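In: Return a 3D structure for these sequence lines:
(chains A and B)
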Amino acid sequence: MSMSAPLTITGGKLVLAAGEPQSGGIRCETGRIVAIGEVSAQPGDTVIDAKGQLIAPGLVDLGVFAIDKAAFHFGGITRAALMPDQNPPLDHPARVRFAAQSGKPDLWVHPLAAATRGLEGTELAELALMRDAGAKAVATGRRWIGDSGTMHRLLSYAAMLNLTVITHAEDAGLAGNAVATAGEMATRYGLPAAPAEAEALAVARDITLAELSGARLHFRQITTRAACDLVRSAKARGASVSAGVTPAHFMLSDTAIGDFRTFTKLSPPLRSEADRMAVRAALADGTIDVICSGHDPRGPEDKRLPFADAEPGMAGAETLLALSLGLVRDGVIDLPRAFALLAANPARLLGVEVGKLEIGFEADIAIIASERPWIVDSDRMAASAGNTPFDKQGVEGRVTALFKGGKQIG
Amino acid sequence: MTSPDPSATSRYPAGSAAFPHRDLTGLAELAPWELLYLMDEAEQWVDLNRSASKRDERLHGLTIINAFFENSTRTLLSFEIAGKRLGADVVNMHAAQSSVKKGETLIDTAMTLNAMHADAIVIRHQSSGAVQLIADKVDCPVLNAGDGQHEHPTQGLLDALTIRHSKGEIAGLIVTICGDILHSRVARSNIHCLTTLGAQVRVCAPPALMPAGIEQMKVTPYYDFDAALDGADVVMMLRLQQERMSGQFIPSPREYRHLYGLTLERLARAKPDALVMHPGPMNRGVEIDSNVADLAGRSAITRQVEMGVAIRMACLDVLTRKARGVEGWA
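Out: Here you go, the predicted model:
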């Protein structure tokens, strides 16, 4: 990266690891944070007045399906962990190395290595070579590994390589070809459905195997009460287990699939209202560690189809921050916890020194007008496609300036 | 054009207020009087179809496209006859065997049909919601002839009409629907129609073929067929597809018959005059025994087919009134 002038941001409210935001500023040199709090600009600094807005760490989005820079920058995301579900999959060191360079300088992409060749769930991929090519963790992709023996070998191997395994939690046998959660909505609309318990089955098995192998296991999304309970009790035992969720599953229940709205077709599918409330409780009590966007922009060729035939996924990068700040407004979590979920925890899982306003950390910084209202509009998104289930919804909180490595983006 | 029996339609609001919908995609959203309006409108066509001439020219010059993305014999035939008896030009598009399957192609197909200026499009598709998707893209009335496991509205209406012809009134009847409830659009449309009209509906299936949350649709679920039949006024059997009887959902056809086959002995548990129905095609000797299917005075299976043509004539008539400039509808 070319050397840029040191950066001083003044007059903001600093989002720190705990407590109310503190009035102050931040100073960065050579891409890193060098001072926090009472800062004064040095001669030659680029000086930005935050005008009372939040100064927060840039978001670290753990598990996106596409590199969509405009959407990420709109959403305050400075780093994104790329799922291996690419075409072709990230199951080869060369592809990992290429992906790791693909966003620089203003977006850092952390590739997640495919756990198995072709993401088929049978043969282990070259995890050590991919790690050394820049993979920050291993992921099973959109699918669960059905064979328990394979999963056990994967977890043991990843543990040896000190790589976190990120898995998709849905028992494939029970889930079958389901596109919705079994219940009244799926029955009324005649959609193939599976019991929500498919998630808990997968979570229970994978926690068991992770404890057996000593691996660090991260569930990219947990969306049901039963899965939250399993993760909560595993953590209480001291297991190296963590979990994430996307805003869709704490904002929406399966009533949103009404009228066959394919923008609400997700994987895992939307759940019952009781499960949605359990997810919010799990966000509040620390069971869930990460909020991610699951960003997966899909155009009409993938979404303007009958519900069961459409691809799952949502363009989530732009709404990630605002919907998470909604949890703060609703009193579910406080502001420092929101940024732990959005930045510090995913950074820790990826093993990168970022995600907090801390001296010595990379200066990935967002200035946020946390109460600025705006309306999500699927026709006018920064993302490469407008498949948001939150179309026309009013939200609050918008990034007004974004810095990657101390350098302003855009 | 006046109705043969003005008293029959005078219970309804004038003109298009009686049925203020462009399309017929399902019965879930329809009010009881809207269901009754279509059924009452069908009565004249029941009479016409039994007469020697069987011909009315009110749809003369209109083009109706039957776009069937999934195989069908009887429903397609029924819609074709219905359109022709009303004087329309009916063309059939069989997309099931062609490369037209899904993707943008479905929307493109809809746009193509629309560009041909059809006056009504009748659609069957293997995916739930596909008909609504097409309806949103075309300018003419769309009739759902079955979409996935979602709805088959004309089947629901024709079944209700069949029951009414035999029992006089739907409200208060106990109707038992038995079979593959999970995969059945016929069951869903019947549930919507019959519960809206005041019947008590019981659904009966083994657990693997019973959808979750079905009781939220105002029906009572049963696993035990004998219990479900107890005191029933109507017994509606559903077809069970062969591939679902080979171990995936049901161990074997004979095991299915053992638990859920409608035999004369079982039928005795229902009311003595209980009506036997089946949307067809039947697996004789599996879900229904031949001597039950052919039981004179009790089996309404061929009557259902007859009512089907009348209901479809009524739907085509009502939905094209706006385009035809019928007074009060245009």
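In: Does A:Val60 touch A:Arg79 like I think?
Out: Yes: if you go by Cβ atoms under 8 Å, A:Val60 and A:Arg79 touch, sitting 4.6 Å apart. In short, each C-beta sits where N, CA and C put it, glycine included.
In: Touching both of these two, which residues are there?
Out: Shared contacts of A:Val60 and A:Arg79, defined by Cβ atoms under 8 Å, 6 or more residues apart in numbering or on different chains, comprise A:Ala347, A:Leu350, A:Val352, A:Val354.
In: From A:Ala169, how far out is the residue most central in space within chain A?
Out: Nearest to the centroid of the C-alpha atoms of chain A, with distances taken as Cα atoms, centre = their mean, sits A:Cys292, at 2.0 Å. Going from A:Cys292 to A:Ala169 by Cβ to Cβ, to the nearest Å gives 14 Å.
In: Likewise for B:Val122?
Out: 43 Å.
In: Equivalent analysis for B:Asn66, please.
Out: Using Cβ to Cβ, B:Asn66 is found at 44 Å from A:Ala169.
In: now A:Ser293
Out: As judged by Cβ to Cβ, A:Ser293 and A:Ala169 stand 18 Å apart.
In: same check, this time on A:Gly176
Out: Looking at A:Gly176 against A:Ala169, where the rule is Cβ to Cβ, the gap reads 16 Å.
In: again, but for B:Arg202
Out: 37 Å.
In: Would you mind naming what in the stretch 151-300 of chain B lies close to chain A?
Out: Residues of the stretch 151-300 of chain B lying close to chain A by Cβ under 8 Å from any Cβ of the partner chain are B:Glu151, B:Arg185, B:Arg188, B:Pro211, B:Ala212, B:Gly213, B:Ile214, B:Gln216, B:Met217.
In: Would you check that A:Ala169 makes contact with A:Leu217?
Out: No: using Cβ under 8 Å, A:Ala169 makes no contact with A:Leu217, being 10.0 Å away.
In: Could you work out the end-to-end span of stretch B:109-127 for me?
Out: Its first and final residues considered, stretch B:109-127 spans 15 Å by Cα to Cα, to the nearest Å.
In: how about it: buried residues?
Out: Buried residues in stretch B:109-127, counted by 16 or more other Cβ atoms under 10 Å in any protein chain shown: B:109-110, B:113-114, B:118-127.
In: Hmm, A:Ala133 and A:Ala125 touching each other?
Out: No: the pair A:Ala125 / A:Ala133 is not scored as a contact, 11.7 Å apart, by Cβ under 8 Å.
In: between those two, which one's more packed in?
Out: A:Ala125 (24 against 20; other Cβ atoms under 10 Å in any protein chain shown).
In: Which residue ranges of the stretch 201-330 of chain B form strands?
Out: Ranges of strands within the stretch 201-330 of chain B are B:219-222, B:234-237, B:275-277, based on DSSP state E, counting those that start in this stretch.
In: The residue of the stretch 1-150 of chain A found nearest chain B sits in which helix or strand?
Out: Per Cβ to the nearest Cβ, A:Asn87 is where the stretch 1-150 of chain A lies closest to chain B, at 16.9 Å. Using DSSP states H and E, A:Asn87 sits in no helix or strand.
In: Run a quick neighbour tally on it.
Out: Other residues near A:Asn87 come to 4 when the count uses other Cβ under 10 Å.
In: Low-confidence stretches in the stretch 101-250 of chain B?
Out: Where the stretch 101-250 of chain B drops to pLDDT under 70, the residues are B:101-104.
In: What ranges does the stretch 101-250 of chain A have for its helices?
Out: Taking DSSP state H, counting those that start in this stretch as the criterion, the stretch 101-250 of chain A carries its helices at A:127-132, A:148-160, A:172-175, A:184-189, A:197-213, A:225-237, A:247-251.
In: and the end-to-end length of stretch A:373-391?
Out: Note: stretch A:373-391 ends 14 Å apart using Cα to Cα.
In: meant to ask about stretch B:191-208, not that
Out: Start-to-end, stretch B:191-208 (Cα to Cα) is 19 Å.
In: Give me the buried stretch members for that stretch, please.
Out: Within stretch B:191-208, the residues that count as buried by 16+ other Cβ under 10 Å are B:191-197, B:199-206.
In: One more: stretch A:349-358?
Out: A:Leu349, A:Leu350, A:Val352, A:Val354, A:Gly355, A:Lys356, A:Leu357, A:Glu358.
In: Just list the residues touching the second one, thanks.
Out: Applying Cβ under 8 Å, 6+ apart to A:Leu350 gives the contacts A:Val60, A:Leu62, A:Arg79, A:Ala81, A:His110, A:Lys136, A:Ala137, A:Thr164.
In: Close to chain B: what parts of chain A are there?
Out: A:182-193, A:195, A:259-260, A:300-301, A:304-309.
In: can you rerun that using 6 Å?
Out: Neighbours of chain B within chain A, by Cβ under 6 Å from any Cβ of the partner chain: A:182-184, A:187, A:189-191, A:260, A:301, A:304, A:306-309.
In: So how do I select the buried members of these in ChimeraX?
Out: The following ChimeraX line selects those of the residues of chain A next to chain B that are buried, judged by 16+ other Cβ under 10 Å:
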select /A:182,183,184,187,189,190,191,260,304,306,307,308,309
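In: Looking at pLDDT only, which of the residues of chain A next to chain B scores worst?
Out: Within the set of the residues of chain A next to chain B, pLDDT is lowest for A:Glu301 (88).
In: Can you say which helix or strand has that residue in it?
Out: Counting by DSSP H and E, A:Glu301 is part of helix A:300-303.
In: how far out from the middle of the chain is that helix?
Out: Averaged C-alpha coordinates place helix A:300-303 at 23 Å from its chain's average position (Cα atoms, centre = their mean, to the nearest Å).
In: Buried residues, that helix. List them.
Out: Applying 16+ other Cβ under 10 Å to helix A:300-303 flags A:Asp302, A:Lys303 as buried.
In: What lies in contact with it?
Out: Residues outside helix A:300-303 that contact it (Cβ atoms under 6 Å, 6 or more residues apart in numbering or on different chains): A:Thr262, A:Ala310, A:Glu311, A:Asn387, B:Glu104.
In: So which of the buried residues of stretch A:349-358 belong to helices?
Out: A:Leu349, A:Leu350 (DSSP state H).
In: how about the buried residues of stretch A:349-358, which pair is most distant?
Out: The two members of those with the most space between them (Cβ to Cβ) are A:Leu349 and A:Leu357, at 18.8 Å.
In: Look up how far B:Ile301 lies from the residue sitting nearest the centre point of chain B.
Out: The centre of chain B sits closest to B:Gln155, judged by Cα atoms, centre = their mean, with a distance of 0.7 Å. Going from B:Gln155 to B:Ile301 by Cβ to Cβ gives 13 Å.
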